[in-house]
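Asker: test case, fold it:
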Amino acid sequence: MYFFLNSSFNAKNSGIEHAQLKRAQLFEKFNTDYKLVFRDWNPLLHLYLNAHGIADQHILNVFDYFQEARYVKPKTIHPRDIDFGIAHLTYKKDEQNHRVLVYNQNTLVGRINVFTEEDTKPNIVKSVELFDGFSNLYCVDFYDYRGFKSLSQWYTPDNQVATQTWYTPAGRPAIENFMRLNGQQKLAESGYKTIDAHGTVRPHLNKTSLLTEFLEAINLKYFDTKQANIYVLDRGDFFEEILTDLNSPTYSVLHLHSSQAGDSQKADTSIMNNNYEYSLTDLNRYDAIVASTHKQNADVQARFHHQVDAFTIPVGVLSARELETTRVPMNKRRPHSMVITARVSPEKQIDKIITAMGMAKKQVPDINLNVYGYVDHSNNDAAIKRINAAIKKYDLQDAVTLHDYTLDVPSVQANAQVYPLASVMEGFNLALMEAQSNGDVGITFDTNYGPNELIVDQENGYVVKYDDTEALSKKMVELFTHDDLLQAMSDKAYELSQRYSSKQVWQKWQQLTNRANQVWQDKLKTYRVDITDGLEDMEHAQEEH
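Answerer: I've put the predicted structure just below:
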């Protein structure tokens, strides 16, 4: 069984989540079971994943697991369905704050908040804030979108969360989390406990311990002496502290979705990427490492001299339908157009692409760019401020259009001619791969890792010296002033996309699977299962005595 480990999944996601979706489609195409494993509680998790074609059988969430809520028959709960245990209630809508205020005479009994996310139906209960007779908040009940009370947060008199309880759909407490005053006299997490259907209570000092119980349980549930349990860390937080220390055997895989170095252009000397520092330090305790490009695998080996299996498997996969899409000639697209479908963040350096446009504008007056993606507001909105400054400097207000995140990526890419990149670093760049499959010609800095392999210089686009904005600008001019060249490179972009076909990528996953199953047999030789026989009889005997 394959387990792909992550934190959560939301309406708008980053490249890792998109890579997981691509991989899930690949595994389903080749009839191979898998589980997407998530560590965070999320009342909309199943809604979002189901919308992307991921069935409940492939979803494993730590809270779902203990709450017995992996498979729930959906039920719609509206504000009037909430039972406060009090008669003679009046309801007052507060449209501005997306909630309903509930009164008993003139006393506030509760506030019912409704889901407001774009993908949700209107007037569905999200949470209920409960007040005592003195209008003090004492509890907030949170509802899973599938229609059951999932979590209660109990408050202290000074309005701080003291205890959290997660319930099964039938209403049985399944997980509890406690807070207590720390050395600074602030409430801080002090532990968890799980309660199973038989009333057995298992205490945990922290969330890491809770996740350990979860991983041990699912590892044994899906244990097979012939097929390895393969755990792939897509996001390693918490899991990286646990996976290599489980009592039961696993085949553990660190998957690099971004550069292992803080400065990907100095892979051998740069400070490490903090997202991978812990895992890379302990890399020899894993069984394998996966990178999306050969260059990254080579750089990791050259720096760390690890002794684990290394596999190069692209995170991007193109289906037969995507590869067989009708080709759109360059003269049927918006003239001199570029498109970016990416998160608007500082590391993407979209302002440098706009600067290159400004330089090219003298020779290509109608050059234009459309950017689709949600804005990263980190560093005091650094990304959008730099973009706006570049637009103003080169008078490109009518040439650059910023759009919100879009799900209609193929259409917007197929209407553009060039896909530019100026990233500080990448792990692969799914958007560029998809753009090439839609015939876009790529131009990029020589950025590690992905763009400089996805783009084969002078065939399906251009790779220029890293951070050379002037060179990027010259390539824009060259493409937009030579129609035959632009068309030839577009044709090559379609052709080279075959490198990422389902068949090609699946063969690489099969290599990992075969190696894991080979190693699995060696692991089983030293594994001894925990004692379970006789323990139940002893308990019954003690009860009878």
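
Asker: domain parsing for this protein?
Answerer: Annotated domains of the chain cover 2-72+210-312, 79-206, 320-499 [automatic domain parsing].

Asker: how long is the longest one end to end?
Answerer: Yep, that's domain 320-499 we're talking about. 12 Å (C-alpha to C-alpha, to the nearest Å).

Asker: in the stretch 101-250 of the chain, which spans are strands?
Answerer: In the stretch 101-250 of the chain, the segments counted as strands under DSSP state E, counting those that start in this stretch are 107-114, 125-131, 137-144, 148-155, 161-167, 173-181, 187-195, 201-204, 230-233.

Asker: need these in JSON lines (columns: distance to Ile271).
Answerer: For every residue, glycine as well, the C-beta is placed using N, CA and C. Shown next, in JSON lines, are the strands of the stretch 101-250 of the chain (distance: least, C-beta to C-beta, whole Å):
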{"stretch": "strand 107-114", "distance to Ile271": "43"}
{"stretch": "strand 125-131", "distance to Ile271": "41"}
{"stretch": "strand 137-144", "distance to Ile271": "39"}
{"stretch": "strand 148-155", "distance to Ile271": "38"}
{"stretch": "strand 161-167", "distance to Ile271": "36"}
{"stretch": "strand 173-181", "distance to Ile271": "35"}
{"stretch": "strand 187-195", "distance to Ile271": "30"}
{"stretch": "strand 201-204", "distance to Ile271": "33"}
{"stretch": "strand 230-233", "distance to Ile271": "21"}
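
Asker: next, format those strands as JSON lines and append mean pLDDT and mean neighbour count.
Answerer: Listed next are those as JSON lines, based on pLDDT from 0 to 100; neighbours: other C-beta atoms under 10 Å:
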{"stretch": "strand 107-114", "mean pLDDT": "96", "mean neighbour count": "20"}
{"stretch": "strand 125-131", "mean pLDDT": "98", "mean neighbour count": "21"}
{"stretch": "strand 137-144", "mean pLDDT": "97", "mean neighbour count": "19"}
{"stretch": "strand 148-155", "mean pLDDT": "98", "mean neighbour count": "20"}
{"stretch": "strand 161-167", "mean pLDDT": "97", "mean neighbour count": "18"}
{"stretch": "strand 173-181", "mean pLDDT": "95", "mean neighbour count": "17"}
{"stretch": "strand 187-195", "mean pLDDT": "93", "mean neighbour count": "16"}
{"stretch": "strand 201-204", "mean pLDDT": "96", "mean neighbour count": "13"}
{"stretch": "strand 230-233", "mean pLDDT": "98", "mean neighbour count": "24"}
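
Asker: which one of those lies nearest to Asp268?
Answerer: Checking those against Asp268 by C-beta to C-beta gives strand 230-233 as the closest, at 23.4 Å.

Asker: which one of the strands of the stretch 101-250 of the chain lies closest to Arg23?
Answerer: That would be strand 230-233 among the strands of the stretch 101-250 of the chain, by C-beta to C-beta, at 8.8 Å.

Asker: show me what that closest one pairs with in its sheet, parallel or antiparallel.
Answerer: According to DSSP bridges, strand 230-233 forms sheet pairs with strand 2-6 (parallel), strand 251-255 (parallel).

Asker: how about Asp457, phi and psi?
Answerer: In terms of degrees, to the nearest 10, the main-chain angles of Asp457 are phi -50, psi 130.

Asker: begin at 579 from here
Answerer: Right, with 579 as the first residue, what we last looked at is Asp1035.

Asker: is it true that it touches Val1041?
Answerer: Yes - between Asp1035 and Val1041 a contact is recorded at 4.4 Å, counting by C-beta atoms under 8 Å.

Asker: neighbour-wise, which of those two wins?
Answerer: Val1041 (22 against 13; other C-beta atoms under 10 Å).

Asker: disregarding flanking residues, what is the spatial nearest neighbour of Met579?
Answerer: Tyr800 (4.4 Å; C-beta to C-beta, 6 or more residues apart in numbering).

Asker: how close does Val1083 get to Lys607?
Answerer: In this view, Val1083 and Lys607 are 10 Å apart by C-beta to C-beta, to the nearest Å.

Asker: now do Thr871 against Phe1006, distance only.
Answerer: With C-beta to C-beta as the criterion, Thr871 and Phe1006 are 7 Å apart.

Asker: between the two, which contacts overlap?
Answerer: Contact criterion C-beta atoms under 8 Å, 6 or more residues apart in numbering; residues shared by Thr871 and Phe1006: 892, 1027-1028.
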